[in-house]
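Asker: Following is a predicted model, sequence given first.
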Amino acid sequence: MARRGENIYLRKDGRYEGRYPKGRKENGEIIYHSVYGKTLAECKQKLTQAKVLHFHHDTNCKIYCTGKISEFINYWLHDIAVYRVKPSTFSNYVHYSNKWIIPLLGDEKLSKLTKEKTQQFINHLIKQDLSPGSVKSIYRTLCSMMKVAKNFSYIQSNPCEIVILPEQSKKEITLLSLTEQKKLEMAANACQEPIGLIVLMALYTGLRIGELCALNWSDVDFTQKKLFVSRTRQRIQCPCATTKHSKTRIITGIAKSDSSVRIIPLPLFLLKLLKNHQLQHSASEYLLTRNAKPLEPRIVQYQFKRLLEKAQITPINFHTLRHIFATRLLEENVDIKTISELLGHSSAKTTLDLYSHSRYENKQRAMEKLGAKHLNS
């Protein structure tokens, strides 16, 4: 007979058997683990030790959870992630979940997802010719939800912790030469549309396209000659869109990160341009507008493309202007810490890794200096 509350039995062979629940089968049936002792005291001691090892080392893991990954994703997205991340990040989570994670892993039991199966999932993504960056974004989404599942004790360990990801090669960004930059600046100065001012601000402040679109006149301090950056404007997919083609909406939110909230000193020529621009658009609270409405990144990209065509300059992405800003500062021997803060980076290492592009002219001069030291020169 079992001792009350202890689940210890005296067996026919004279030994004592103690049992405790270790988990559940997929059909819900409880799985018990047994310990044995010649005496009641020995059995109680072994049972206590076994319970401690199981419940403490496994952190009371709810391995009895038999739900599917798709069910947990729905819970994670709409009960946790939506309240913890920015709308743009949440939109990406929904997109990656619906496009890749649920179709490929959704029917898998949450407690059955292993590191081997996660690696197979990553390998499948690679075979779909997705870029390494896209694969890593999908992986980070899966890893974030599995981290929550582990913290909530739905799984014993995060199956995403030891996974081999594709290496992301560093792409050389094509910058404008000084001659091309001057051509672009001349075209921007002659342009009557807001895109002209936007291009010049990007070249001489290094702001991201979303940060430029989110600027208000209250962000400009004409007396102190500085610009306050604290918001970003972007177009994101609507997570709840039910149509075949995802709908989008424009949002204005907080800056990309804490380090992105910053103060930019403004050069005198930009202050003059901004004052003239304010006289023409004083009725609007937004700094960069079209028909009294704030501009959005997609429109800016389109207008920038037209400006490049008009100036007969090789097509580049708008973000390249930010690279040019950083590179020009490096060429003027401005210290990395200052450049990093102007760009809103979290560390100087990020600045060195991303924006230390050297112009071809600099490479050419360096090689000529080296060649001049040759004996036959």
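Answerer: The structure has been received and is ready for your questions.

Asker: for the record, mean pLDDT for stretch 104-117?
Answerer: Confidence over stretch 104-117 (mean pLDDT, whole number) is 92.

Asker: Repeat that for stretch 193-201.
Answerer: pLDDT averaged over stretch 193-201 gives 94.

Asker: buried residues in that stretch?
Answerer: Buried positions in stretch 193-201, judged by neighbour count with 16 or more other Cβ atoms under 10 Å: Pro194, Ile195, Gly196, Leu197, Ile198, Val199, Leu200, Met201. Placement of C-beta: from N, CA and C, glycine included.

Asker: will you turn those into TSV that also has secondary structure and distance to Cys213?
Answerer: TSV is the format used below for the buried residues of stretch 193-201 (DSSP: H, G, I helix; E, B strand; the rest coil; distance: Cβ to Cβ, whole Å):
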residue	secondary structure	distance to Cys213
Pro194	helix	10
Ile195	helix	12
Gly196	helix	15
Leu197	helix	12
Ile198	helix	8
Val199	helix	13
Leu200	helix	15
Met201	helix	11
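
Asker: If we only consider the residues you listed, which is nearest to Leu110?
Answerer: Closest approach to Leu110 among those (Cβ to Cβ): Ile198, at 47.3 Å.

Asker: my read: the closest one touches Ile299, true?
Answerer: No: assessed by Cβ atoms under 8 Å, Ile198 is found out of contact with Ile299, at 10.2 Å.

Asker: How about the contacts made by Arg231?
Answerer: By Cβ atoms under 8 Å, 6 or more residues apart in numbering, Arg231 lies in contact with Glu211, Ala214, Leu215, Thr252, Gly253, Ile254, Ala255.

Asker: Buried among these? Need that as a selection in ChimeraX.
Answerer: If you want just the buried ones from the contacts of Arg231 in ChimeraX, going by 16+ other Cβ under 10 Å, the selection is:
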select :211,214,215,255
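
Asker: Can you list which of the contacts of Arg231 are found in helices?
Answerer: In helices, judged by DSSP state H, the following of the contacts of Arg231 are found: Glu211.

Asker: Please narrow the contacts of Arg231 to those residing in strands.
Answerer: Secondary-structure check on the contacts of Arg231 using DSSP state E: residues within strands are Thr252, Gly253, Ile254.

Asker: Which pLDDT value belongs to the last one?
Answerer: I take that to be Ile254. At Ile254, the predicted lDDT confidence score is 81.

Asker: is it in a bridge, and if so with what?
Answerer: Using DSSP bridges, the bridge partners assigned to Ile254 are Arg231.

Asker: Enumerate every residue touching it.
Answerer: If you count contacts by Cβ under 8 Å, 6+ apart, Ile254 has them with Lys86, Ser230, Arg231, Thr232, Val261.

Asker: What of the second one?
Answerer: Under the criterion of Cβ under 8 Å, 6+ apart, the contact partners of Gly253 comprise Lys86, Pro87, Ser88, Arg231, Thr232, Gln234.

Asker: how about 10 Å then?
Answerer: Going by Cβ atoms under 10 Å, 6 or more residues apart in numbering, Gly253 touches Lys86, Pro87, Ser88, Gly210, Ala214, Arg231, Thr232, Arg233, Gln234, Ile236.

Asker: Go through the contacts of Arg231 and say which is closest to Gln120.
Answerer: Comparing the contacts of Arg231 against Gln120 with Cβ to Cβ places Gly253 closest, at 36.3 Å.

Asker: Hmm, Phe222 is touching His277, no?
Answerer: No: here Phe222 does not reach His277: they are 11.9 Å apart, not a contact under Cβ atoms under 10 Å.

Asker: Look at these two and report which has more neighbours.
Answerer: Taking other Cβ atoms under 10 Å, Phe222 and His277 do not tie; His277 has more neighbours (17 against 12).

Asker: Isn't Ala283 up against Lys293?
Answerer: No: using Cβ under 10 Å, Ala283 makes no contact with Lys293, being 11.8 Å away.

Asker: Give me the more crowded residue out of those two.
Answerer: Counted by other Cβ under 10 Å, Ala283 and Lys293 do not tie: Lys293 has more neighbours, with 10 against 7.

Asker: Not counting its neighbours along the chain, what's nearest that one?
Answerer: Counting by Cβ to Cβ, 6 or more residues apart in numbering, Tyr286 is the residue found nearest to Lys293 once chain neighbours are left out, at 7.7 Å.

Asker: Quick check: the gap between the one you found and Glu172.
Answerer: Using Cβ to Cβ, to the nearest Å, one obtains 36 Å as the distance from Tyr286 to Glu172.

Asker: do the same with Ala366
Answerer: Separation of Ala366 from Glu172 (Cβ to Cβ) stands at 17 Å.

Asker: Could you list the domains of the protein?
Answerer: Domain assignment for the chain by automatic domain parsing gives 8-57, 69-151, 178-210+269-363.

Asker: Settle it for me: which of Tyr286 and Glu172 has more neighbours?
Answerer: Under the neighbour definition other Cβ under 10 Å, Tyr286 and Glu172 were set side by side, and Tyr286 has more, 18 against 7.

Asker: can you count the residues close to Leu105?
Answerer: Applying the criterion other Cβ under 10 Å, we find 21 residues in the vicinity of Leu105.

Asker: per-residue confidence at the closest residue to it other than its chain neighbours?
Answerer: Distances taken as Cβ to Cβ, 6+ apart put Ile69 closest to Leu105, at 5.1 Å, once the chain neighbours are dropped. In the predicted model, Ile69 carries a pLDDT score of 92.

Asker: pretty sure Ile69 contacts Leu110?
Answerer: Yes: counting by Cβ under 10 Å, a contact exists between Ile69 and Leu110, whose distance comes to 5.3 Å.
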